[in-house]
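Undergrad: Here is my input, please return the structure:
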Amino acid sequence: MSSTRALSVISRSSPASSHPTRHIISVPSRAVARVASLHVQRKRLELQISSRGANSRPSISATTSQEAKMSTRSGHRVPIEPQRVDAPLTQSATFLVVTIARTPDAARIVRSVLSGIDGLAKNVAIRDLSAAFACTVGIGSEAWSSLTRVPPPAELHPFPTIRGQKHTAVSTPGDLLFHIRSERRDLCFEFERQLLDSLGDAVAVVDETTGFRYFDVRDLLGFVDGTANPVGADVPESVLVAEEDAGAAGGSYVVIQKYVHDVKAWNRLSTEQQEAIIGRRKLDNVELDDAAAGQQQSHKSLATIEDENGDEHDILRDNMPFGSPGSGEFGTYFIGYSRRLWVVEKMLQRMFIGDPPGLHDRLLDFSTPLTGTTFFVPSSGFLKRLDGEDD
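TA: Below is the predicted model of the structure:
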């Protein structure tokens, strides 16, 4: 939503890049191997947790020769594993939230579709391997038990309504999230079509939002995005659950909010006023100094989360602009992946309630959340085993 840590459009390329993706194409072998290690984290986390026990920390540095050979001779990548939360940022994305019908067969149908999501993704991705197609599935707390028949992840619970003196973070329903990404809009469309055909009447669509990449990684408020995302080895450390919750190892919490902006009111502000709200310069994205303690903080500062020891905790954001000038809609779809759900919730509390209380994030005076839902993204291996569960 801005060039900050909370509601920012994420890019793992340079903010000045005109093609802000996280593709690994024709790069030195050592760089390929380093990033390839991230691609196999879920499977390795699961395997090592089960073989070494919950008290052993899984390795996050191993790779294989096959994973290291990620680029074909033409520079195109092999299909991306469906549950990769660190999949490349793309030019297009669809955010699909559905609820599951309360009928006898609904859970069984959904379980079957989710267990085969890998094959469905490959069926679409194979049509253009250069398009970096990927799909991430999240399961909400109210649907978890009926779908998985196993205890939920330790922190999984419904999105809490957060009421500040002036603004409210609303909580809205959602049993499943499908985060669909590709360089090509038609691949996102085709996957969603096949997915909903497979699910049929077992689900009902709550929200469907199509996002797009905007110029040099900017949001619709005009600021560069993605500066605060973790990179490299910090990605799994910030995003993937590990030994602290063995049953959820390799998975990630994800929170979504759909914001709409009052662009006319925002544009009436001077550039200096906008920069003070965001906490960065608009043209070159340079970070501004934090305000003194007890004073009005910028969006950037309020979205910086530290624990009781003063250690900072990051989340991985894959936000995208959406909207329609003809209908007067301008927005940002916030989606944040985290190893620790409390980090995202504390960030939102600081924004809506303020720190100190009463000094809320002034960006909220121009941005209104329409939705708010929490999910857990299990590993791909976990999804594949769902069809074996008894009804």
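
Undergrad: From now on I want contacts and neighbour counts done on CA atoms only, so please keep to that.
TA: OK.

Undergrad: who are the neighbours in contact with the residue lying closest to Gln257 once chain neighbours are set aside?
TA: Distances taken as C-alpha to C-alpha, 6 or more residues apart in numbering put Gly372 closest to Gln257, at 4.6 Å, once the chain neighbours are dropped. Each residue near Gly372 by C-alpha atoms under 8 Å, 6 or more residues apart in numbering is listed here: Phe159, Ala169, Val170, Ser171, Thr172, Val255, Ile256, Gln257, Lys258.

Undergrad: where does Glu272 land in three-state SS?
TA: helix (DSSP: H, G, I helix; E, B strand; the rest coil).

Undergrad: ugh, typo on my part, it should be Tyr337
TA: strand.

Undergrad: hang on, the earlier thing: if I look at the residue nearest to Gln257, what pLDDT would I see?
TA: pLDDT for Gly372: 98.

Undergrad: Next up, phi/psi of it, please.
TA: phi -170, psi 110 (degrees, to the nearest 10).

Undergrad: measure it to Gly174 for me?
TA: For Gly372, the distance to Gly174 equals 9 Å [C-alpha to C-alpha, to the nearest Å].

Undergrad: Please give me every residue in contact with the nearest residue to Ile117 once chain neighbours are set aside.
TA: Leaving aside its sequence neighbours, Ile117 sits nearest to Pro82 (C-alpha to C-alpha, 6+ apart; 7.2 Å). By C-alpha under 8 Å, 6+ apart, the contact list for Pro82 reads Ile117, Asp118, Ala121, Ala134, Cys135, Thr136, Val137, Ser380.

Undergrad: So which of these is surrounded by the most neighbours?
TA: Neighbour counts for the contacts of Pro82 (other C-alpha atoms under 10 Å) peak at Ala134, which has 31 neighbours.

Undergrad: isn't that residue right next to Glu183, touching?
TA: No: between Ala134 and Glu183 no contact is recorded; they are 9.9 Å apart, counting by C-alpha atoms under 8 Å.

Undergrad: for the strand or helix carrying Ser198, packing partners?
TA: Using DSSP states H and E, Ser198 maps to helix 185-199. Identification of packing neighbours for helix 185-199 by 3 or more C-alpha pairs under 8 Å, 6 or more residues apart in numbering; DSSP states H and E yields strand 92-100, helix 106-115, helix 117-125, strand 176-182.

Undergrad: Would you mind finding the most buried of those?
TA: Among the helices and strands packed on helix 185-199, the stretch with the highest mean neighbour count (mean count of other C-alpha atoms under 10 Å) is strand 176-182, at a mean of 25.

Undergrad: Does anything pack onto that one? Which helices or strands?
TA: Strand 176-182 packs on strand 92-100, strand 134-139, helix 185-199, going by 3+ C-alpha pairs under 8 Å, 6+ apart.

Undergrad: Would you confirm that Phe330 belongs to a helix?
TA: No: when classified by three-state DSSP, Phe330 is found to be strand rather than part of a helix.

Undergrad: Can you give me the distance of it to Gly222?
TA: 12 Å.

Undergrad: same question, Val254
TA: Distance from Val254 to Gly222, by C-alpha to C-alpha: 26 Å.

Undergrad: out of the two, which sits in the busier spot?
TA: Neighbour tally, Val254 and Gly222, criterion other C-alpha under 10 Å: the higher count belongs to Val254, 29 against 18.

Undergrad: relative orientation of the strand or helix carrying that one and strand 92-100 in degrees?
TA: For Val254, the host element (DSSP H and E) is strand 252-261. Inter-element angle recorded for strand 252-261 and strand 92-100: 110 degrees (by axes from the mean of the first three to the mean of the last three C-alpha atoms, to 10 degrees).

Undergrad: Quick one: low-confidence residue ranges for the protein.
TA: 1-77, 389-391 (pLDDT under 70).

Undergrad: same thing but 80
TA: 1-78, 81-82, 226, 388-391 (pLDDT under 80).

Undergrad: mind listing the strands for it?
TA: Using DSSP state E, the strands of the chain run over 92-100, 134-139, 162-163, 168-169, 176-182, 203-212, 252-261, 305-306, 312-313, 316-317, 320-324, 329-338, 367-369, 373-377.

Undergrad: export these to JSON lines and tack on distance to Val241?
TA: Shown next, in JSON lines, are these (distance: least, C-alpha to C-alpha, whole Å):
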{"stretch": "strand 92-100", "distance to Val241": "23"}
{"stretch": "strand 134-139", "distance to Val241": "14"}
{"stretch": "strand 162-163", "distance to Val241": "25"}
{"stretch": "strand 168-169", "distance to Val241": "25"}
{"stretch": "strand 176-182", "distance to Val241": "19"}
{"stretch": "strand 203-212", "distance to Val241": "27"}
{"stretch": "strand 252-261", "distance to Val241": "6"}
{"stretch": "strand 305-306", "distance to Val241": "18"}
{"stretch": "strand 312-313", "distance to Val241": "14"}
{"stretch": "strand 316-317", "distance to Val241": "13"}
{"stretch": "strand 320-324", "distance to Val241": "25"}
{"stretch": "strand 329-338", "distance to Val241": "8"}
{"stretch": "strand 367-369", "distance to Val241": "27"}
{"stretch": "strand 373-377", "distance to Val241": "10"}
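
Undergrad: And the residue nearest to Gln257, how close does it get to Arg213?
TA: Taken as C-alpha to C-alpha, the span from Gly372 to Arg213 is 22 Å.

Undergrad: re earlier: so which of the strands of the chain is nearest Ile353?
TA: Minimum separation from Ile353 across those (C-alpha to C-alpha) falls at strand 162-163, 6.9 Å.

Undergrad: chain center to the closest one, what's the gap?
TA: Relative to its chain's centre, strand 162-163 lies at 22 Å (C-alpha atoms, centre = their mean, to the nearest Å).

Undergrad: Which elements pack onto that strand?
TA: Looks like strand 162-163 contacts strand 168-169, helix 341-352 (3+ C-alpha pairs under 8 Å, 6+ apart).

Undergrad: what's next to the shortest one, contact-wise?
TA: The one in question is strand 168-169. For strand 168-169, using C-alpha under 8 Å, 6+ apart, the contacting residues are Thr161, Ile162, Arg163, Leu348, Phe352, Pro369, Thr371, Gly372.
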